[in-house]
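Visitor: Provided below for reference: sequence and predicted model.
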Amino acid sequence: MKMTLTHFEATLILAIFISAVLAVVTKKTDEERFRYGMRSLGWFAVTVFGLGWLMYLGHR
Amino acid sequence: MSEKLTAPLPPLPPAKQWLPPVVIAWLVPGGGHFYLKRYYRGAILGGCTTILFLLGLLMRGYLFEPMTGDLLTTIIYVGGAIADRATGLLYILARIFGYNAPDVAGHSVDYGTKFMVIAGLFNILAMVDAFEIASGRKD
């Protein structure tokens, strides 16, 4: 059995896990962790979309 | 120019206080936190590490073997091998059960390889966190 993910799925999964782990390790309270995790995930998503469009437009 | 004031670190406690949780954290992702009764942190750190490693296996990612050569090759292969081995029992079990996917070109295999390396980096973070909690440097 081999699993195949698209670039978007793979980077999104990675972003979710990295955000969760960094939030748990670096912040002290649950509220801080939640806010940090959400902000980190948001920035990951924005960066992925931005770089994706940049590469698409750069290859046209 | 501003100066950042930092409190001095407390003295390092004896190894028997922090070594067991660090070794357990290496062997079982999240286990060091469970040993220290930090169940919530342990579940998240262990869950993220294990799931990411298993996804890497399912994507037939490559487990690095240390290899030297030019600087970039050395950094990638030695660093990758250290990170892979940092997943503890996950790595050991994968090897025992004969997992040996080749390093072939393809985006799925590449992501799988990176997933397993990042799982190892997560576990290194968990080991450092367990050390800081056990040595009284973190709540």
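Guide: Yep, that arrived.

Visitor: who touches whichever strand or helix holds residue B:79?
Guide: Element membership for residue B:79 (DSSP states H and E) is helix B:71-85. Applying CB atoms under 8 Å, 6 or more residues apart in numbering or on different chains, the contact partners of helix B:71-85 are B:63-68, B:91, B:113, B:116-118, B:120-121, B:124. Bear in mind the C-beta positions are built from the backbone N, C-alpha and C, glycine included.

Visitor: Find out how far that helix is from the centre of the chain, if you would.
Guide: 14 Å (CA atoms, centre = their mean, to the nearest Å).

Visitor: Output that helix in PDB, but only the C-alpha positions, please.
Guide: Taking C-alpha atoms only, helix B:71-85 is exported to PDB below (Å, rounded to 0.1, in the frame of the first residue of the first chain):
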ATOM      1  CA  LEU B  71      29.500  19.400   2.600                       C
ATOM      2  CA  LEU B  72      25.900  19.400   1.400                       C
ATOM      3  CA  THR B  73      25.800  15.600   1.100                       C
ATOM      4  CA  THR B  74      27.200  15.200   4.600                       C
ATOM      5  CA  ILE B  75      24.800  17.700   6.100                       C
ATOM      6  CA  ILE B  76      21.800  16.100   4.500                       C
ATOM      7  CA  TYR B  77      22.600  12.400   5.000                       C
ATOM      8  CA  VAL B  78      24.200  12.600   8.400                       C
ATOM      9  CA  GLY B  79      21.600  15.100   9.700                       C
ATOM     10  CA  GLY B  80      18.800  13.000   8.200                       C
ATOM     11  CA  ALA B  81      20.200   9.800   9.700                       C
ATOM     12  CA  ILE B  82      20.300  11.500  13.200                       C
ATOM     13  CA  ALA B  83      16.800  12.900  12.800                       C
ATOM     14  CA  ASP B  84      15.400   9.500  11.700                       C
ATOM     15  CA  ARG B  85      17.000   7.700  14.600                       C
END
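
Visitor: returning to that earlier point: could you tell me which ones among the contacts of helix B:71-85 also sit near chain A?
Guide: Residues of those in contact with chain A (CB under 8 Å from any CB of the partner chain): residue B:118.

Visitor: Make JSON lines out of the contacts of helix B:71-85 and add secondary structure.
Guide: Output for those, formatted as JSON lines (DSSP: H, G, I helix; E, B strand; the rest coil):
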{"residue": "B:63", "secondary structure": "coil"}
{"residue": "B:64", "secondary structure": "coil"}
{"residue": "B:65", "secondary structure": "coil"}
{"residue": "B:66", "secondary structure": "coil"}
{"residue": "B:67", "secondary structure": "coil"}
{"residue": "B:68", "secondary structure": "coil"}
{"residue": "B:91", "secondary structure": "helix"}
{"residue": "B:113", "secondary structure": "helix"}
{"residue": "B:116", "secondary structure": "helix"}
{"residue": "B:117", "secondary structure": "helix"}
{"residue": "B:118", "secondary structure": "helix"}
{"residue": "B:120", "secondary structure": "helix"}
{"residue": "B:121", "secondary structure": "helix"}
{"residue": "B:124", "secondary structure": "helix"}
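
Visitor: Great, nothing more from me.
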